[in-house]
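# this one's sequence-less:
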């Protein structure tokens, strides 16, 4: 394996989620695409699916893919942070306290205040994005 290419998240409100990640984490739009047809149906194991997506990129090239399936009715994430399956997206930030203040102004809900990890090498807190996905904000401590 060479590296993780991107993380994909299915979303209900594509524009709102794109704006959230670009505004709050400095991501840039790398790709805006619409996908339909034999290829996407085959690779996803679906029939007549239509997707709209944004690939957002950090400065280091890491990407987040936000995907909206047009025929899908909006759903809400339910569950706990410890449930089995894809649980959270960890984002490294320069200053976790500053990031928390910015996100709180946007109405983001936090699970706790930032805390130094037991190892002492990071300051961490968890929150949820506008659609309820868990985010781990990590400030690396030298």
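Thanks, I have it. Here the structure is a predicted model, which is why all the values come from computation and not from measurement.
# Pull the number of nearby residues for residue 132.
13 (other C-beta atoms under 10 Å). Where C-beta positions appear, they are placed from N, C-alpha and C, glycine not excepted.
# what ranges do the strands span in the chain?
6-10, 28-36, 50-57, 63-69, 88-92, 115-116, 122-128, 134-140 (DSSP state E).
# List the buried residues for the longest one?
Buried residues in strand 28-36, counting neighbours by 16 or more other C-beta atoms under 10 Å, are absent.
# Look up how far residue 23 lies from the residue at minimal distance from the centre of the chain.
With distances taken as C-alpha atoms, centre = their mean, the residue of the chain nearest its centroid is residue 89 (5.8 Å). Using C-beta to C-beta, to the nearest Å, one gets 16 Å for the distance from residue 89 to residue 23.
# Ok, residue 50 next?
Using C-beta to C-beta, which is the criterion applied here, residue 50 is 27 Å from residue 23.
# between those two, who's got more neighbours?
It is residue 50, of residue 50 and residue 23, that has more neighbours when counted by other C-beta under 10 Å, with 16 against 11.
# how close does that one get to residue 69?
Taken as C-beta to C-beta, the span from residue 50 to residue 69 is 7 Å.
# Next: residue 49.
From residue 49 to residue 69 the distance is 6 Å (C-beta to C-beta).
# which residues are contacting the lowest-mean-pLDDT helix or strand in the chain?
Here the helix or strand of the chain ranked lowest by mean pLDDT, DSSP states H and E is helix 38-44, holding a mean of 87. Outside helix 38-44, the residues that touch it by C-beta atoms under 8 Å, 6 or more residues apart in numbering are 46, 47, 48, 49, 51.
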